[in-house]
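>>> Provided below for reference: sequence and predicted model.
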Amino acid sequence: MKKGRFIVLEGIDGSGTTTHSNKLADYLKSKNYEVIVTQEPSEGPIGKTIRDYLFHGWGSPAVHALLFAADRVEHTEKVIKPLLERGVIVISDRYIESSIVYQTAEGLDTCWIEEINKFIVEPDLTIYLDVDPEVALDRKKGMRDTFERVEFLKKVRRIYLERAKDKDYPIMNTNRPIEVVHKEIVRCVESYLSR
């Protein structure tokens, strides 16, 4: 039985999931919580393979989905579950929703994606960071991977918003300044932790 809390920040490339995961962790640490930030793809061997595939544009949507699922299961078993059992707050820069949304946008069946991810830990709180895809790509520096195209990200954003509304995830507009968004995320997380 897990004792910690599992918080996930989701959003398209350039939405600020990495920035806000780290800022939230720093804030919670300042309040004396034990916090670890993790990410997907992970830093493990499968995660590194995924980055290579995406950078070079390799693989079909099914290959992407299977690689992400394998990385997630390994990362959950080796990293996330042990931390939660210790009572740590785990903040993940993306998790299951990314696979469902991105691979659905690539044309795969949502039920199949959920099935190959059935061994995961369900997040306690998922927050969706929403941003205009053109703004998001302007924030990205250097080479872009397979998913970083405006038209594709518009489709991804639409699916994210539909799922966030269906699942009642908090939605944060990250077109706004970082500090404004950070304060809103902090209020949301503090409200959750105080329940």
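Received it, and whenever you're ready, just let me know what you need.
>>> wait, what's in contact with residue 76?
Shown in contact with residue 76 (C-beta atoms under 8 Å, 6 or more residues apart in numbering): 119, 120, 121. Backbone N, C-alpha and C define where each C-beta goes, glycine included.
>>> Name the nearest of these relative to residue 163.
residue 120 (15.8 Å; C-beta to C-beta).
>>> returning to what we had before: what's the closest of the contacts of residue 76 to residue 105?
Nearest to residue 105 among those is residue 120, at 19.8 Å by C-beta to C-beta.
>>> That closest one should be in a strand, yeah?
No. Using DSSP: H, G, I helix; E, B strand; the rest coil, the assignment for residue 120 is coil, not a strand.
>>> residues contacting it?
Residue 120 makes contact with 72, 73, 76, 95, 96, according to C-beta under 8 Å, 6+ apart.
>>> ok, the third one to residue 122 distance?
As for residue 76, its distance to residue 122 is 11 Å (criterion: C-beta to C-beta, to the nearest Å).
>>> Equivalent analysis for the second one, please.
Separation of residue 73 from residue 122 (C-beta to C-beta): 14 Å.
>>> Ok, the fourth one next?
In this structure, residue 95 and residue 122 are separated by 9 Å, where distance is defined by C-beta to C-beta.
>>> okay, and for this protein, where does confidence drop off?
Residues of the chain that meet the criterion pLDDT under 70 lie in 1-2, 141-148.
>>> how about the helices in it?
With DSSP state H as the criterion, the chain has helices at 17-30, 45-56, 61-75, 81-85, 96-105, 110-116, 133-139, 150-167, 178-193.
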